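> what's the 3D shape of this:
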Amino acid sequence: MTDTSNEAYERLKKTGRAESYKLKIYEYIKTHGPKTCDELESLLNLSHQTVSSRIWQLKKDELIKDNGERRVTRSGSKAQVMRVTNDSDRKQLNFM
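Residues are numbered from 1 along each chain as shown. Predicted coordinates:
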C-alpha cells in the first residue's frame with residue numbers, strides 16, 4: 001500500500017469503518033457467492049477505493065481468493081472473481 005493509502009486506512013480504522021466494510025464485503029461474498037470488485041461496488045454502494053482495499057486485506061488474511069473466473073466490468077474490462085476460501089470458516093476473524 002502507498003503512504004496515502006496507509007494513512008487513509010489508519011483514519012478509517014480509528015472510526016471502525018474499515019473493519020465494518022471488510023466484514024460487510026466478506027459476508028456478502030460468503031452469502032451471495034463469488035463477486036468481482038466492480039460487482040461489490042455496485043451492489044453495496046461503496047467506492048472502488050473502499051472495496052479494492054478491503055478485498056486486498058481479505059486476500060492477505062486468506063479469507064477470500066481469486067476463483068480463476070473472469071467477468072466483464074461496467075467499463076468493459078475483465079476482472080478477477082473473488083470467492084471465500086475453503087478454510088475461512090475455520091479461521092478466527094479479527095474484525096473490530
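> once you drop chain neighbours, what's closest to the residue sitting nearest the centre point of the chain?
Nearest to the mean C-alpha position of the chain, counting by Cα atoms, centre = their mean, stands residue 55 at 2.6 Å. Nearest residue to residue 55 in three dimensions, chain neighbours excluded: residue 37, at 5.7 Å (Cβ to Cβ, 6 or more residues apart in numbering). To be clear about C-beta, it is placed using only N, CA and C from the backbone, and glycine gets the same treatment.
> and for residue 42?
Leaving aside its chain neighbours, residue 42 sits nearest to residue 74 (7.2 Å; criterion: Cβ to Cβ, 6+ apart).
> same deal with residue 72?
Spatial nearest neighbour of residue 72, excluding adjacent residues (Cβ to Cβ, 6+ apart): residue 78 at 6.0 Å.
> so the one you found sits against residue 37, correct?
No. Under the criterion of Cβ atoms under 8 Å, residue 78 is not in contact with residue 37, lying 11.8 Å apart.
> the more surrounded of these two?
residue 37 (20 against 11; other Cβ atoms under 10 Å).
> the more buried one touches residue 47, doesn't it?
No. Using Cβ under 8 Å, residue 37 is not in contact with residue 47; the gap is 10.8 Å.
> what do the two both touch?
Residues within reach of residue 37 and of residue 47 at once, by Cβ atoms under 8 Å, 6 or more residues apart in numbering: there are none.
> circling back to that earlier point, residues contacting the residue nearest to residue 72?
Neighbouring residues of residue 78 by Cβ under 8 Å, 6+ apart: 70-72.
> phi and psi next, for it.
Main-chain dihedrals, residue 78, degrees, to the nearest 10: phi -90, psi 140.
> any idea how far residue 36 is from it?
Noted for residue 78: a distance of 9 Å to residue 36, by Cβ to Cβ, to the nearest Å.
> shared neighbours of the two, which are they?
Common neighbours of residue 78 and residue 36 (Cβ under 8 Å, 6+ apart) are residue 71.
> next, count neighbours for residue 38.
Close neighbours of residue 38, defined as other Cβ under 10 Å, add up to 18.
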